[in-house]
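**Student:** Sequence first, then the predicted structure:
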Amino acid sequence: MKSRQHRFILSFFVALLATAGSTAQEATPDTFFLHHGDRVVFYGDSITAQRYYTRYIEDFVLTRYPDLNIEFFNAGVPGDTVYGGYTGDTPKRLERDVYPLKPTAITVMLGMNDPGYVPFDEHIFEVFKTGYKTLIGDLTTALPQARLTLIASSPYDELTHGTDFPGLSQTVKKYGMFVKQFATDRHEKFANFHDVLNHALETAMKENPNYAALLIPDRIHPSETAQWVMAEELLQTWQASPIVSRVELDVASGVACVAQNADVSQVQFTSSGITWTVLEHALPLPLSTENPMMQFTIRVANLELMDQEILQVRGLGSPSYSLQIDGKPVADFTRDQLKNGVNLALLPTPMLDQANGIDWLEERKTKLDAARLTLEAEMPSTPGAIEAAQTLRSAQKDITREQHEKAQPKPHKFALVGVVKSH
């Protein structure tokens, strides 16, 4: 247990301006790419249609910015290319899946299927580039106010599995580099899913090749845990805040000298330790830390960089302390660990339980959305299909309202109790 807790210790400091007393320093959404009232469409192929990274993006916004009201829509279709696919060509896709939603922000991730699963072919590449430029041009013409984020596709994994299509990995990367240059030329946001996930694969191979092979189990579709890597890359591109909260207590002064994105009150010292109440303004990410594969992914991709819920306590007397929240034990820490700062985001806290409940609702909503797309894109002529799709959209909105209610943070009573070792 102790070694596990040590893995959750955040060993670096975040540069902050300290304020006197318990005045909260807000992690404001001012620099965040998304804004209150935004309507975000994720456009792509089967990797987007998996509804993993898109689900995690919504989880992040709900837990990190609970006061923002943002709607998300998934427009991913399996097998799609820059020219469309089995549910229609690109003009039909845009007319059906994008324009009616009146998005204010759009992400585009294509490039896995476009090479045709053959060795690199310059002609096919030119066809892709022409189609990509046309797609983006159509979007900007029809939706001139929409903000775009262009994404380099996640990698085709030849590193952990070998390959069915030799050279496809480099081809997909080459397509992604075109997207990067195109985004740069147009001054659009760019997120590099390819490189960030490829780096995680390389790191994972050094640590555990068997687990590494589970990150992209079929070489094409990243696993549920691996898509957290993609989500965090997009969130960093959007300049999302990595801070859940940061609380610094000083025993000597008896006050909270830093309270970032949190309100601290009722600081009291007892013969055995210290108690205080915290109302955080955000929740930790719903990372399934009990899942060994999730633990592995957190480690090889350093996912906790975007999930910082820091507690730092200076001036403690006893060598070791038990952290309790709402009367329940969470973890034991040494005095030095608390002095340096510990990350609570990856520990079994009531705040994480609350975040997991939001993700449970999000998973339900994604299943409804997948059924909705099937009706609208694959079965539109079936009697009652469109009406059923509208019913599913309405059910999704109901879940979203419930999520916003459940995402509101709650105050919690913290206690550090000195641990007396028996001899």
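**Tutor:** Structure's in. What do you need?
**Student:** Kindly export stretch 296-312 (C-alpha atoms) in PDB.
**Tutor:** The C-alpha trace of stretch 296-312 is given here as PDB (Å, rounded to 0.1, in the frame of the first residue of the first chain):
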ATOM      1  CA  PHE A 296       0.000   1.900 -16.100                       C
ATOM      2  CA  THR A 297      -1.300   4.500 -18.600                       C
ATOM      3  CA  ILE A 298      -1.100   7.300 -15.900                       C
ATOM      4  CA  ARG A 299       2.500   6.400 -15.300                       C
ATOM      5  CA  VAL A 300       3.800   6.100 -18.900                       C
ATOM      6  CA  ALA A 301       1.900   9.100 -20.100                       C
ATOM      7  CA  ASN A 302       2.200  11.300 -17.000                       C
ATOM      8  CA  LEU A 303      -1.600  11.900 -17.000                       C
ATOM      9  CA  GLU A 304      -1.500  13.500 -13.500                       C
ATOM     10  CA  LEU A 305       0.000  16.600 -15.000                       C
ATOM     11  CA  MET A 306      -3.600  17.700 -15.900                       C
ATOM     12  CA  ASP A 307      -5.000  16.400 -12.600                       C
ATOM     13  CA  GLN A 308      -3.500  18.300  -9.800                       C
ATOM     14  CA  GLU A 309      -5.300  18.400  -6.500                       C
ATOM     15  CA  ILE A 310      -2.400  19.500  -4.200                       C
ATOM     16  CA  LEU A 311      -2.300  19.500  -0.400                       C
ATOM     17  CA  GLN A 312       0.800  20.900   1.200                       C
END
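**Student:** Only the buried residues of that stretch, if you could.
**Tutor:** 296-301, 303-304, 306-312 (16 or more other Cβ atoms under 10 Å). (Glycine included, C-beta is placed from N, CA and C.)
**Student:** I'd like the distance from that stretch to the chain centre, please.
**Tutor:** How far stretch 296-312 lies from its chain's middle: 12 Å, per Cα atoms, centre = their mean, to the nearest Å.
**Student:** now this protein, which segments are flagged as low pLDDT?
**Tutor:** 1-29, 420-423 (pLDDT under 70).
**Student:** Can you name every helix or strand that the helix or strand harbouring Ala200 contacts?
**Tutor:** Ala200 belongs to helix 193-207 when assigned by DSSP states H and E. Counting contacts by 3 or more Cβ pairs under 8 Å, 6 or more residues apart in numbering; DSSP states H and E, helix 193-207 packs against strand 147-152, helix 168-186, helix 209-212, helix 226-237, helix 292-301.
**Student:** What are the buried residues along that helix?
**Tutor:** Residues of helix 193-207 classed as buried: 193-198, 200-201, 204-205 (neighbour count, 16+ other Cβ under 10 Å).
**Student:** Ok, stretch 284-295 next?
**Tutor:** 284-289, 294-295.
**Student:** what does stretch 125-143 give?
**Tutor:** 125, 127-129, 131-132, 135-136, 138-139, 143.
**Student:** CA atoms only: put it into CSV for me.
**Tutor:** Provided in CSV are the C-alpha atoms of stretch 125-143 (Å, rounded to 0.1, in the frame of the first residue of the first chain):
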residue,chain,number,x,y,z
PHE,A,125,-1.5,11.6,-50.6
GLU,A,126,-2.3,14.4,-53.0
VAL,A,127,-5.9,13.2,-53.1
PHE,A,128,-6.0,13.4,-49.3
LYS,A,129,-4.5,16.9,-49.2
THR,A,130,-7.0,18.2,-51.8
GLY,A,131,-9.9,16.6,-49.9
TYR,A,132,-8.8,17.9,-46.6
LYS,A,133,-8.5,21.5,-47.8
THR,A,134,-11.9,21.2,-49.4
LEU,A,135,-13.4,19.9,-46.2
ILE,A,136,-12.0,22.7,-44.0
GLY,A,137,-12.9,25.2,-46.7
ASP,A,138,-16.5,24.0,-46.7
LEU,A,139,-16.7,24.2,-42.9
THR,A,140,-15.3,27.7,-42.7
THR,A,141,-17.6,28.9,-45.5
ALA,A,142,-20.7,27.5,-43.9
LEU,A,143,-19.7,28.3,-40.3
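**Student:** I'm done for today, thanks for sticking with me.
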